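K.L.:
can you look at this prediction? I've put the sequence above it.
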Amino acid sequence: MGRKTYPLDFVMKGLPEQTRIRPAGQRAIDKALKELQNDVWVIITKKRTGSSYDDHISLNQDKTAEIQRFLAER
């Protein structure tokens with residue numbers, strides 16, 4: 001099964017606008033993304049889109065069971 005990636009901008013637009021536009025909200029988002037990357041739950045890569053490169057995000061397939069356990073506990 002192949003890995004699905006999504007543009008990070010697309011994912012960010014799914015967050016509440018009030019969170020995205022405020023500096024405190026942006027810091028919280030950046031902190032959460034950094035924690036997810038440090039735990040290797042998500043992978044952020046640069047992908048070519050037309051003539052530029054954009055950040056894309058995907059779940060780490062090797063951590064699927066761990067992520068599901070975490071979500072089940074919540």
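P.N.:
Thanks, I have the structure now.
K.L.:
in this structure, where's the longest helix?
P.N.:
When the chain is parsed with DSSP state H, its longest helix is helix 23-38.
K.L.:
buried stuff in that one?
P.N.:
Under the neighbour-count criterion of 16 or more other CB atoms under 10 Å, helix 23-38 has 33, 36 buried. Yep, even glycine has a C-beta here, placed from its N, CA and C like the rest.
K.L.:
partner strands of the helix or strand just after that helix and their direction?
P.N.:
Later in the chain than helix 23-38, the nearest helix or strand by DSSP states H and E is strand 42-49. Sheet pairing of strand 42-49 (DSSP bridges) gives strand 52-59 (antiparallel).
K.L.:
okay, angle between the strand it pairs with and helix 23-38 too, please.
P.N.:
Counting by axes from the mean of the first three to the mean of the last three CA atoms, to 10 degrees, strand 52-59 lies at 70 degrees to helix 23-38.
K.L.:
re earlier: using PDB, list the CA coordinates for the longest helix of the chain.
P.N.:
Output in PDB follows, covering the C-alpha atoms of helix 23-38 (Å, rounded to 0.1, in the frame of the first residue of the first chain):
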ATOM      1  CA  PRO A  23       0.400  34.200  16.800                       C
ATOM      2  CA  ALA A  24      -0.300  32.000  19.900                       C
ATOM      3  CA  GLY A  25      -2.300  29.600  17.700                       C
ATOM      4  CA  GLN A  26       0.400  29.500  15.100                       C
ATOM      5  CA  ARG A  27       3.000  28.700  17.800                       C
ATOM      6  CA  ALA A  28       0.700  25.900  19.200                       C
ATOM      7  CA  ILE A  29       0.400  24.500  15.700                       C
ATOM      8  CA  ASP A  30       4.100  24.700  15.100                       C
ATOM      9  CA  LYS A  31       4.800  23.000  18.500                       C
ATOM     10  CA  ALA A  32       2.300  20.200  17.700                       C
ATOM     11  CA  LEU A  33       3.800  19.600  14.300                       C
ATOM     12  CA  LYS A  34       7.300  19.500  15.800                       C
ATOM     13  CA  GLU A  35       6.200  16.900  18.400                       C
ATOM     14  CA  LEU A  36       4.600  14.700  15.800                       C
ATOM     15  CA  GLN A  37       7.800  14.900  13.700                       C
ATOM     16  CA  ASN A  38       9.900  14.100  16.800                       C
END
